[in-house]
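Participant: could you look at this predicted model? Sequence included:
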Amino acid sequence: METRTCQNCKTDFQIEPEDFLFYEKIKVPPPTFCPECRTARRLSWRNEMSLYKRTCDAPSHDESLITIYHPDTKLQVVDSKYWWGDSWDPFDYGAPYDFSKPFFQQWIELFRRIPLQGLSNSNATNSDYCNIAEESRDSYMISATWKVERSFYSNRIMEVKDSSDLYVVHDSELCYEDVISSDCYHTLYSVNCKSCVDSYFLYDCHGCTNCFGCTNLRNQSYCMWNEQLGKEEYIRRISELDMSSYAVVSECKQRFSDMCMQAIHRFANQIKIVNSTGDNLEGVKNTRMCFDASGQIEDSKFVHWAKVSAKDVYDSGPGIGMGEMMYEVFDTGIGNFRNLFTSVVYSSNEIEYAFNCHGSSNLFGCIGIRGKNYCILNRPYEKEEYELLVPKIKEHMMTMPYVDAKDRVYRYGEFFPSELSPFAYNETVAQDYFPLSKFGAVERGHLWRDKTLQNYTVTISAKDLPDSLTTVSDTITKEIIGCLHNGECSDRCSRAYRITADELNLYRRIGVPLPRLCFGCRHDERLRKRNPMKLWSRTCMCTQSNHDHTGSCQTTFETAYAPERKEIIYCESCYQREVL
Ligand SMILES: [Zn+2]
Ligand SMILES: [Zn+2]
Ligand SMILES: [Zn+2]
Ligand SMILES: [Zn+2]
């Protein structure tokens, strides 16, 4: 084990013997940023939901398009149809490698002259305001999703139908305001739930049907506020609550949030895992410091939002799956092998420092390449030439590194410097997971974009909306509603919002009141319901006298609940005794 000082935050971090073995296996030098700074740097290149309108830069296109690139950025932004078509050639933008300039300088010059896809989508149908929404249909304002239909205002969801306001949810239908849940049907306002049906306000419940306001339940029905009721009594009490009333829902939310504080919190939210640390894990094996990962994720470290399968992956996510031997990648997978420092790279092997490349192999420093092999900075080479040149470039990256405005040095083995990112820090998911103030972000050398409040003329304030959805008429879709926060919060408030007809239909179908906050404020509220992607060593808080311990349990664990948190945190064995 070795202790090193992070180039970025100047704190010490450890590199374990197993890490050195991994770096040796993929032939990269050990990192110079600590794990957290590495993740934040990578995320500063990932914009999931800050969308803008700008004019399409494709030749003789002049329509406006929805894009993740701010109109002020000097980039060539084109619509997806043009980008995926073959009327342009990515090789036209290539250049020979120039040994008089650092690699990252040459790469960003290529990035600035080549057409970029306005939104990162493939096979999205009737889903214009959706970004990184693969195979999505008839949806609006969803991002980082896969196979989603008729859903709205959600982030990081997979195989979801007819739902809204979800965050980290998969395989669910008719759900609303759920956080980190899966396999649910008509389950609302719930957190850390699995396989629940027709339920409201559940925390850490699995296999529950017709339950309301409950915590830590397994396979129960007709429970209300953690009390077992008969079927008829349950139905009677539920029918007394108008769940389409904003006042009723707000009161239940408050009671539920107080109740959650009293619930037993398993030290980590995990299902069927083997020898792993992290939070929100299902089915993973031999992983360290992984978050929001489910499937056959094995032998991996510092990985988040990983799905289906992955093996030997370090410092990667969000959006990885079906890949092996990956390092510092996001939005990369589906049959990938040995990809390093890539984003939006699919079905490709042996790729380094690439963006938006598909079905290719042996690329170095490429952008927008599809179905090609042996290319450097978008120039094709013979296999032999490529194999001679790439080691020379790596050598050059060591001797002529890129140095940023804060004197941080980027040699071969580092991810792209944040200062070259086309996004401001607060447009990216770095702000979701490692929030900074404007001052803090600028001090660390990030770009920052001040909140531009939409200059709408608000026609109705959220506080004047009808209390119950039952009295809302179709004309509500014509109104511009003023968010309750009115841009005065520290959230991503856009001050005003609208209700679309599809959204209104969904609210009627699942029976919920109109939202009172804009999408940005709602998303930030959901983010606060999750734990950070950090771990602390803590001791079990159980003092139950009928367990194997005398006095308080002394079991220690790695948990994403910071030591100052008020929740009651149990180790796995005490949790099992009490809940399962
Ligand atoms: Zn650091
Ligand atoms: Zn707002
Ligand atoms: Zn314990
Ligand atoms: Zn105990």
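Facilitator: Done, it's in. All of these numbers come straight from a predicted model, not from anything done at the bench. Ligands and ions are numbered 1, 2, ... in the order given.

Participant: can I assume Tyr93 is in contact with Leu110?
Facilitator: Yes - counting by Cβ atoms under 8 Å, Tyr93 touches Leu110, with 6.2 Å between them. The way it works is simple: take the backbone N, C-alpha and C, and place the C-beta from them, glycine included.

Participant: now do the shared contacts for these two.
Facilitator: Shared contacts of Tyr93 and Leu110, defined by Cβ atoms under 8 Å, 6 or more residues apart in numbering, comprise 367, 378.

Participant: per the record, what domains does this protein have?
Facilitator: Domains of the chain are assigned by automatic domain parsing as 2-47+407-439, 131-266, 460-527, 536-579.

Participant: highest average neighbour count across those?
Facilitator: Most buried of the domains of the chain by mean neighbour count (mean count of other Cβ atoms under 10 Å) is domain 131-266; its value is a mean of 21.

Participant: span of that one from start to end?
Facilitator: The stretch domain 131-266 measures 34 Å between its terminal residues, going by Cα to Cα, to the nearest Å.

Participant: can you tell me if that domain touches ligand 2.
Facilitator: No - against ligand 2, domain 131-266 shows no contacts by Cβ under 5 Å from the ion, the least distance being 12.3 Å.

Participant: point out where the stretch 201-350 of the chain drops to low pLDDT.
Facilitator: With pLDDT under 70 as the threshold, the stretch 201-350 of the chain has no low-confidence stretch at all.

Participant: go again with 90.
Facilitator: Regions of the stretch 201-350 of the chain meeting the criterion pLDDT under 90 cover residues 333-336.

Participant: and the gap between whichever residue of it sits closest to ligand 2 and Gly511?
Facilitator: Nearest to ligand 2 in the stretch 201-350 of the chain, going by Cβ to the ion, is Tyr246, at a distance of 15.8 Å. Relative to Gly511, Tyr246 is positioned 12 Å away (Cβ to Cβ, to the nearest Å).

Participant: same check, this time on Gly365
Facilitator: 53 Å.

Participant: pretty sure the residue of the stretch 201-350 of the chain closest to ligand 2 is touching Leu465, no?
Facilitator: Yes - with contact defined as Cβ under 8 Å, Tyr246 reaches Leu465; the gap is 7.3 Å.

Participant: okay, and the common contacts of the two?
Facilitator: Both Tyr246 and Leu465 are contacted by 514, 516, under the criterion Cβ under 8 Å, 6+ apart.

Participant: rewinding a little: tell me how far the residue of the stretch 201-350 of the chain closest to ligand 2 lies from ligand 3.
Facilitator: Using Cβ to the ion, to the nearest Å, we find Tyr246 at a distance of 41 Å from ligand 3.

Participant: what are the phi and psi angles of that residue?
Facilitator: Main-chain torsions, Tyr246, degrees, to the nearest 10: phi -60, psi -40.

Participant: residues touching the closest residue to it other than its chain neighbours, list them.
Facilitator: In space, and not counting its chain neighbours, Tyr246 is closest to Pro513: 4.0 Å by Cβ to Cβ, 6 or more residues apart in numbering. Shown in contact with Pro513 (Cβ under 8 Å, 6+ apart): 244-246, 249, 467-469, 507.

Participant: state the pair within those that is farthest apart.
Facilitator: Asp467 and Tyr507 (13.8 Å; Cβ to Cβ).

Participant: are we agreed that the residue nearest to Tyr246 is in a helix?
Facilitator: No - going by DSSP: H, G, I helix; E, B strand; the rest coil, the assignment for Pro513 is coil, not a helix.

Participant: and it, how far from Met243?
Facilitator: If you go by Cβ to Cβ, the gap between Pro513 and Met243 works out to 8 Å.

Participant: need the overlap of contacts for the two.
Facilitator: With Cβ under 8 Å, 6+ apart as the test, Pro513 and Met243 both reach Val249.

Participant: which stretches of the stretch 201-350 of the chain form strands?
Facilitator: 209-215, 221-224, 227-228, 264-266, 270-271, 278-282, 285-288, 290-316, 320-327, 330-346, 349-358 (DSSP state E, counting those that start in this stretch).

Participant: quick one: which of these is nearest ligand 4?
Facilitator: Comparing the strands of the stretch 201-350 of the chain by Cβ to the ion, strand 264-266 comes nearest, at 10.0 Å.

Participant: do the closest one and ligand 3 meet?
Facilitator: No - Strand 264-266 is not in contact with ligand 3 by Cβ under 5 Å from the ion; minimum separation 10.4 Å.

Participant: sheet partners, orientation included, of that strand?
Facilitator: When sheet partners are counted by DSSP bridges, strand 264-266 sits next to strand 568-570 (parallel).

Participant: so is the strand it pairs with next to ligand 4?
Facilitator: No - applying Cβ under 5 Å from the ion, one finds strand 568-570 separated from ligand 4 by no less than 6.6 Å.

Participant: so what touches that strand?
Facilitator: 262-267, 538, 540-542, 553, 559, 561, 578.

Participant: and of the residues you listed, the nearest to ligand 1?
Facilitator: For these, the closest approach to ligand 1 (Cβ to the ion) belongs to Thr559, at 21.1 Å.

Participant: leaving out sequence neighbours, find the closest residue to that closest one.
Facilitator: Excluding its sequence neighbours, the residue lying closest to Thr559 (Cβ to Cβ, 6+ apart) is Phe267, at 4.3 Å.

Participant: which ones are touching the one you found?
Facilitator: 538, 540, 557-559, 561, 569-572, 575 are the contacts of Phe267 under Cβ under 8 Å, 6+ apart.

Participant: just the residues of this protein that are near ligand 4, which are they?
Facilitator: Going by Cβ under 5 Å from the ion, the residues of the chain near ligand 4 are 542, 544, 547, 553, 574.

Participant: which of those residues fall within helices?
Facilitator: Cys574 (DSSP state H).

Participant: need the nearest residue in space to Lys566, chain neighbours excluded.
Facilitator: With Cβ to Cβ, 6+ apart, the residue lying closest to Lys566 is Met261, at 6.3 Å.

Participant: no, scratch that, I was asking about Ser360
Facilitator: Closest to Ser360 by Cβ to Cβ, 6+ apart is Ser348, at 4.8 Å.

Participant: now the one you found: how far from Arg288?
Facilitator: Counting by Cβ to Cβ, the gap from Ser348 to Arg288 is 26 Å.

Participant: which of those two has more residues huddled nearby?
Facilitator: Ser348 (29 against 20; other Cβ atoms under 10 Å).

Participant: and for Tyr176, nearest residue in space, chain neighbours not counted?
Facilitator: Closest to Tyr176 by Cβ to Cβ, 6+ apart is Leu188, at 4.6 Å.

Participant: what is the neighbour count of Ala441?
Facilitator: When neighbours are counted by other Cβ under 10 Å, Ala441 registers 22.
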